[in-house]
Each structure stands twice: as C-alpha cells, then as structure tokens.
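A.B. asks: Attaching a predicted model along with its sequence, questions to come.
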Amino acid sequence: MSYQYKTPLGTFVIRPQRTDPSRVELWVGGECYGSYASALMAASDVYAHATGFSACDLATHLRASEDLGDWERLRS
C-alpha cells in the first residue's frame, strides 16, 4: 500500500521498499528519507518533524497528520 500527503514543502510519499516489501520507504521529491517497519511509523516521523528532510524537520508551521486516514491512498 502506498500513501501520499501534499504539503507546501512537497509531496510526502510512503511506498513499499523494493528490496524488502515488508518495509516501506518515505520519499519527498524523488529522494528517499528512510526505511520503516510500517507506514504508520513513517507518517509519525513526518508528523514529529523527524524525517531527515531538513525543510520538513525545521518547519514548525508544517502540520502533517500522523493518521494514515488523512493521507491519500495510492494504487500500487
């Protein structure tokens, strides 16, 4: 399952990891910012400003949701 969340800083995409489909990766603008055990963990890092994407991590005005129900589900 893949998800996306659009923000003024870019679109965050959570998608299955190609080399290990039991894990997911967090992508922004064509760059991977981490591998996670679950999509919820990736969304939580976006919410907590702990992604490794400095524009997001330093943007206190960014209000992303950690609830995957608020993220758009993408067809894989």
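C.D. replies: Structure's in. What do you need? Residues are numbered from 1 along each chain as shown.

A.B. asks: Just the helices from the chain, written as ranges.
C.D. replies: Per DSSP state H, the chain carries helices over the ranges 39-47, 54-57.

A.B. asks: Can you say which of those is nearest to Arg75?
C.D. replies: Set against Arg75 and scored by C-beta to C-beta, these come closest in helix 39-47, at 14.9 Å. In this view, the C-beta of every residue, glycine as well, is placed from N, C-alpha and C.

A.B. asks: what's the least confident helix or strand in the protein, going by average pLDDT?
C.D. replies: helix 54-57 (a mean of 87; mean pLDDT, DSSP states H and E).

A.B. asks: And the contacts of that one?
C.D. replies: Contacts of helix 54-57 with the rest of the structure, by C-beta atoms under 8 Å, 6 or more residues apart in numbering, involve Thr7, Leu9, Gly10, Phe12, Val28, Val46, His49, Ala50, Thr51, Leu62, Ala64.

A.B. asks: Present these as TSV; the columns should include neighbour count, pLDDT and distance to Glu72.
C.D. replies: Shown next, in TSV, are those (neighbours: other C-beta atoms under 10 Å; pLDDT from 0 to 100; distance: C-beta to C-beta, whole Å):
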residue	neighbour count	pLDDT	distance to Glu72
Thr7	15	90	12
Leu9	15	87	16
Gly10	16	90	14
Phe12	24	95	10
Val28	20	95	15
Val46	24	94	13
His49	15	92	21
Ala50	12	93	22
Thr51	19	93	18
Leu62	15	84	17
Ala64	22	87	13
